[in-house]
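Here's my sequence, what's the structure:
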Amino acid sequence: MTEQNLSVPLSDLFGALSQPARIDILLAIGNGEACVCHLEASLKMRQAYISQHLMALREMGILTSRRDGRFIFYRIRSELLKELIKTAAELAGLPREVIVFASHNRPHDGCCCPHCAPVSVDGLVISEPSETSG
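Numbers count the residues shown, from 1 in each chain. Alright, predicted model coming up:
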């Protein structure tokens, strides 16, 4: 590969990460997976705005996704990206400890996805939200 061929994918990756909202989204997706409604509830951003950023991150190969009914769940493709973000924080003069990826160990208030909202039929709760995803 030539030097120019090496620089283009790196530049594309850093370009995809250059918007603060995308870093916020990656931190909110964190160590698990999150749907758009979960991100909307936790980040207090509009669904359309989040979806645009998710599309760009997915097109760059930063995120993977899976469908569960009407919900699409997003996950960070590689642990190396999390290390890159922590290293970038250090280079920016921030301690690595300020970079905290969400753990999703409990349901999120305001999110209506199957991981966060109880499932009910005719007003009767038939299952509680998952405690390990969301």
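
Centre-most residue in this protein?
Averaging the C-alpha coordinates of the chain gives a centre point, and the residue nearest to it by C-alpha atoms, centre = their mean is Ile29 (2.8 Å).

Hmm, that residue is touching Phe73, no?
No. In this structure, Ile29 sits apart from Phe73 without contact. The criterion is C-beta atoms under 8 Å, and the distance is 9.2 Å. Using the backbone N, CA and C atoms, a C-beta is placed for each residue, glycine as well.

which residue sits closest to Ala56 in space, ignoring its chain neighbours?
Counting by C-beta to C-beta, 6 or more residues apart in numbering, Ala16 is the residue found nearest to Ala56 once chain neighbours are left out, at 6.1 Å.

ditto for Ile50
Leaving aside its sequence neighbours, Ile50 is closest to Leu39 (5.1 Å, by C-beta to C-beta, 6+ apart).

residues near the one you found, how many?
Applying other C-beta atoms under 10 Å, we find 25 residues neighbouring Leu39.

ditto for Ser65
Ser65, neighbours per other C-beta under 10 Å, totals 14.
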